[in-house]
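Student: Mind folding the following:
(chains A and B)
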Amino acid sequence: DTGVSQNPRHKITKRGQNVTFRCDPISEHNRLYWYRQTLGQGPEFLTYFQNEAQLEKSRLLSDRFSAERPKGSFSTLEIQRTEQGDSAMYLCASSLERTVFGYTFGSGTRLTVV
Amino acid sequence: DAKTTQPTSMDCAEGRAANLPCNHSTISGNEYVYWYRQIHSQGPQYIIHGLKNNETNEMASLIITEDRKSSTLILPHATLRDTAVYYCIVRTGGFKTIFGAGTRLFVKA
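Tutor: Got it, this is the predicted structure:
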C-alpha cells in the first residue's frame, strides 16, 4: 500500500463550474476524513465517513459541497457552482476505527477558482 | 476536545535539539496528546502521541508533564528538512482531529 492517494494534485477552474476530487485511502482503513486548508491556517474539518456512512458534517460544508464513499473504499468530494472563496487545499486522511494512532494524510488537491 | 496553546513560531539551529511546547491545561483523563507536522505544500504527517508516559519513536520524543497540562515535542538533532508547521492536538481516541494554527519551526543553518 502506498498510503493515501488524492487526485488531481492541482485543479484550476472557472467560477461557477463544478469540480470533483477523489481520495483513495489506505485499504484497511475504514474511516476517511476530508479537510480544507487555506493559506496560513491549520486544516479545517469538513466531514468523515466510517465505511460508507457519512457520520459527521461540519457547518463549513455548505449545500454546494457533497461527499460520498459509495462502497466504503474511495471517496469523492464535489463542489458545485464554485466560488473564489472555495480556493484552498483539500486534504483527505484515513484511519482505523477507534484507533489511538494518528491519521494518514494524502498530499491534497489544490483548487484555484478564477 | 480540549484546546491547545502553542507559540506562533520558533527558531532552531541545525544540529541542535528543537523543543516545541504545548499547553493543554483543560485536557481530560481520556484524551491523548498528538503531534503532527506539515511541510510546505504537503499533507500533515503524524509524528507521535501519548497519554501519560513519555514516548519516543524514530522521529521524536514526547514529554508530558505529570499533571498532563502541558507537553513538549523534542526533535533531538534538527535538520533543515524539519522546517515545518507543528500541530499539537488533544483528542479522545476514535474522535475527529481538530487542528489549531500550530507552531512554525524554522531550522537555520
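Student: List the pairing partners of the helix or strand that contains A:Ala67 within its sheet, with orientation.
Tutor: Per DSSP states H and E, A:Ala67 falls inside strand A:65-68. Next to strand A:65-68 in the sheet, as set by DSSP bridges, lie strand A:75-79 (antiparallel).
Student: Could you list the buried residues of the partner strand?
Tutor: A:75, A:77, A:79 (16 or more other CB atoms under 10 Å in any protein chain shown). To be clear about C-beta, it is placed using only N, CA and C from the backbone, and glycine gets the same treatment.
Student: Output those as TSV; include the columns pLDDT.
Tutor: Putting these into TSV (pLDDT from 0 to 100) gives the following:
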residue	pLDDT
A:Ser75	98
A:Leu77	98
A:Ile79	97
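Student: Turn those into TSV, including distance to A:Thr13.
Tutor: Shown next, in TSV, are the buried residues of strand A:75-79 (distance: CB to CB, whole Å):
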residue	distance to A:Thr13
A:Ser75	20
A:Leu77	14
A:Ile79	9
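Student: out of the residues you listed, who's nearest A:Tyr48?
Tutor: Lowest distance from A:Tyr48 to these (CB to CB) belongs to A:Ser75, with 9.7 Å.
Student: Just give the nearest non-adjacent residue to that closest one, would you?
Tutor: Of all residues not flanking A:Ser75 in the chain, A:Arg69 sits nearest, at 4.2 Å (CB to CB, 6 or more residues apart in numbering or on different chains).
Student: Name whatever forms a beta bridge with A:Thr76.
Tutor: A:Arg22, A:Glu68.
Student: Please look at B:Ala109 and B:Arg16 and confirm they touch.
Tutor: No. Contact criterion CB atoms under 8 Å: B:Ala109 and B:Arg16 do not qualify, at 11.5 Å.
Student: neighbour-wise, which of these two wins?
Tutor: Comparing B:Ala109 with B:Arg16 by neighbour count (other CB atoms under 10 Å in any protein chain shown), the higher total belongs to B:Arg16, at 13 against 7.
Student: need the contact list for residue 56.
Tutor: Let's take chain A. A:47-48, B:96 (CB atoms under 8 Å, 6 or more residues apart in numbering or on different chains).
Student: ah, no, chain B please
Tutor: Contacts of B:Thr56 by CB under 8 Å, 6+ apart are B:48, B:62.
Student: How much space separates it from A:Leu39?
Tutor: Going from B:Thr56 to A:Leu39 by CB to CB, to the nearest Å gives 34 Å.
Student: I am finished for the moment; much appreciated.
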